[in-house]
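In: Predicted model and sequence follow; I will ask about them next.
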Amino acid sequence: MKRSRLVVLSDNRTNNKLLQTEHDLSVYMECSSGKYLLDMGASDLFIRNAKALGIDLADVDYCLISHGYNDHIGGFHLLDAHLDQTYETNEQLNSIAVRLHKDYPHVHFYTGHCTGDHCFDMISQSNITHIHQFHCGEEILLTSNE
């Protein structure tokens, strides 16, 4: 039987003295369909904690963003909360797409309502990165190469 694994990489509490905390959330998940990252905390803390736990985030297949508040995506250092054409220019959005592809070429990003339609369209039309929208009632079928 194949086991699944969930590891909280960042949160506001811990029992492990090797890890740091802050008001945020990031969860690493492994299962038969792949490796996932749910949210990316408020800073790069989730990366440092993953390293302390021996988790290689370069192996992540899918990144799921529950919503665009800074305590869930602040650690991404690429996306501002609620990507919105009011704040990001088309050039900035293209730069985000290029950096996503460079840093995470095989990761599929799923984002919900907080990514505005214009921002999603600009990033997805770049054909540089794998970004998808998901909304209430939609089903995402995840596959693995295992």
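Out: Yes, it's here. Numbering: from 1, shown residues only.

In: from the middle of its chain, how far away would the longest helix seen in the chain be?
Out: The single longest helix within the chain, with elements called by DSSP state H, is helix 90-103. Averaged C-alpha coordinates place helix 90-103 at 15 Å from its chain's average position (CA atoms, centre = their mean, to the nearest Å).

In: Stretch 52-72 now?
Out: On the basis of CA atoms, centre = their mean, stretch 52-72 sits 4 Å off its chain's mean C-alpha point.

In: Can I get it in CSV? Just the C-alpha atoms.
Out: Taking Å, rounded to 0.1, in the frame of the first residue of the first chain, the C-alpha atoms of stretch 52-72 are listed here in CSV:
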residue,chain,number,x,y,z
ALA,A,52,15.4,21.7,7.5
LEU,A,53,13.0,18.8,7.1
GLY,A,54,14.8,17.4,4.1
ILE,A,55,12.1,18.2,1.6
ASP,A,56,13.2,19.2,-1.9
LEU,A,57,10.7,21.7,-3.2
ALA,A,58,12.2,21.4,-6.7
ASP,A,59,10.4,18.1,-6.9
VAL,A,60,6.9,19.6,-6.5
ASP,A,61,4.6,18.8,-9.4
TYR,A,62,1.6,21.0,-8.6
CYS,A,63,1.2,24.3,-6.6
LEU,A,64,-2.2,25.1,-5.3
ILE,A,65,-3.0,28.6,-4.2
SER,A,66,-6.1,28.6,-2.0
HIS,A,67,-6.4,32.4,-2.1
GLY,A,68,-4.4,35.5,-2.6
TYR,A,69,-3.8,36.8,0.8
ASN,A,70,-0.2,37.5,1.7
ASP,A,71,-0.1,34.9,4.5
HIS,A,72,-0.8,32.3,1.7
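
In: mind starting the numbering at 15 from now?
Out: With 15 as the first residue, the last one maps to stretch 66-86.
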